[in-house]
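Participant: Sequence and predicted model, in that order:
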Amino acid sequence: MIVVFGGTFDPVHSGHVKAAELLSSLLSETDSKETVSEGSNRSRLLVMPAFVNPFKVGAVQGASAMQRFEMCSLAFEGIPHCEISDREISSDTPSYTYDTLCSLREKHPHERIGFALGSDTFCEVTGWRNSERLIKGFEIFTFRRERQFSFAKKLEEITAMGGRVTVLENEPVVISSTRIREMIRNREDLHGLIPERVMEYIKEQRLYGYEV
């Protein structure tokens with residue numbers, strides 16, 4: 001199985017890391033159930049920073065594509081199954097999930113292909129490019145927040161469309177990259193919100209308005 005975990009990651013934060021750890025555990029369980037002797041490949045979680053999120057075209061991003069790639073490499077290092085992919089940042093056009101997944105399927109026709117989404121993004125997926133083909137053609141992995149009524153309704157809708165959805169229960173770090181950038185500029189305490197190695201990188205690179 002190959003699961004794509006995409007995002008802008010500007011910057012990557014502890015919520016992203018917790019999500020990757022959950023997905024990694026799921027892939028370990030999947031591998032243990034599959035018969036290795038039949039030649040099945042070890043499952044992979046492809047963390048894929050987007051060059052340009054199509055919903056953020058024209059927006060000002062704080063870090064370059066390569067800097068975001070390097071921050072992801074620091075944040076996800078050591079998580080089993082996890083690989084950082086430069087597939088989308090190598091492109092100079094907006095990144096569409098459907099196109100990326102179709103490309104992976106062409107290269108790995110015998111693998112199960114899926115993609116992972118946070119609960120908020122999951123509720124928006126029906127508005128994406130080629131959303132019906134995306135939902136019907138690829139497995140979806142998402143994370144539920146407590147008391148999120150809109151999530152339950154969207155889950156019912158997507159399942160009725162033929163979507164195959166795996167819901168992972170977690171205690172999310174309810175913080176956005178936008179808020180973290182503001183906290184960095186304001187020199188607020190980020191303990192527990194961002195991996196230490198990522199914070200060190202941000203300081204070294206003077207990202208998001210950080211001043212020594």
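Facilitator: In hand now; what should we look at?
Participant: other SSEs contacting the lowest-mean-pLDDT helix or strand in the chain?
Facilitator: Least confident helix or strand of the chain, by mean pLDDT, DSSP states H and E, is helix 119-122 with a mean of 88. In terms of contacts (3 or more CB pairs under 8 Å, 6 or more residues apart in numbering; DSSP states H and E), helix 119-122 is packed against strand 139-144, helix 149-160. In short, each C-beta sits where N, CA and C put it, glycine included.
Participant: Run through the bridge partners of the residue nearest to residue 165 when sequence neighbours are not counted.
Facilitator: Of all residues not flanking residue 165 in the chain, residue 140 sits nearest, at 4.7 Å (CB to CB, 6 or more residues apart in numbering). Counting by DSSP bridges, residue 140 forms beta bridges with residue 115, residue 165.
Participant: residues contacting residue 208?
Facilitator: Applying CB atoms under 8 Å, 6 or more residues apart in numbering, we find residue 208 in contact with 11, 62, 63, 180, 181, 184, 185, 202.
Participant: Save those as TSV, and put in pLDDT and secondary structure too.
Facilitator: Putting the contacts of residue 208 into TSV (pLDDT from 0 to 100; DSSP: H, G, I helix; E, B strand; the rest coil) gives the following:
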residue	pLDDT	secondary structure
11	95	coil
62	83	coil
63	92	coil
180	94	helix
181	93	helix
184	94	helix
185	92	helix
202	96	helix
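Participant: what sits against the residue nearest to residue 165?
Facilitator: So residue 140 contacts 114, 115, 116, 117, 122, 125, 158, 163, 164, 165, 166 (CB under 8 Å, 6+ apart).
Participant: from these, which would you call buried?
Facilitator: Among these, the ones that count as buried by 16 or more other CB atoms under 10 Å are 114, 115, 116, 117, 122, 125, 158, 163, 165.
Participant: Show me what the lengthiest helix in the chain is packed up against.
Facilitator: The single longest helix within the chain, with elements called by DSSP state H, is helix 14-33. The contact analysis (3+ CB pairs under 8 Å, 6+ apart) places helix 14-33 against strand 2-7, strand 44-49, helix 65-76, strand 139-144, strand 165-169.
Participant: which residues are contacting the last one?
Facilitator: Under the criterion CB under 8 Å, 6+ apart, residues 22-23, 26, 114, 139-144, 155, 158-159 lie in contact with strand 165-169.
Participant: 6 Å instead?
Facilitator: 22, 140, 141, 142, 143, 144 (CB atoms under 6 Å, 6 or more residues apart in numbering).
Participant: average pLDDT across that strand?
Facilitator: The average of the pLDDT scores along strand 165-169 is 92.
Participant: Stretch 128-142 too?
Facilitator: The average pLDDT within stretch 128-142 is 97.
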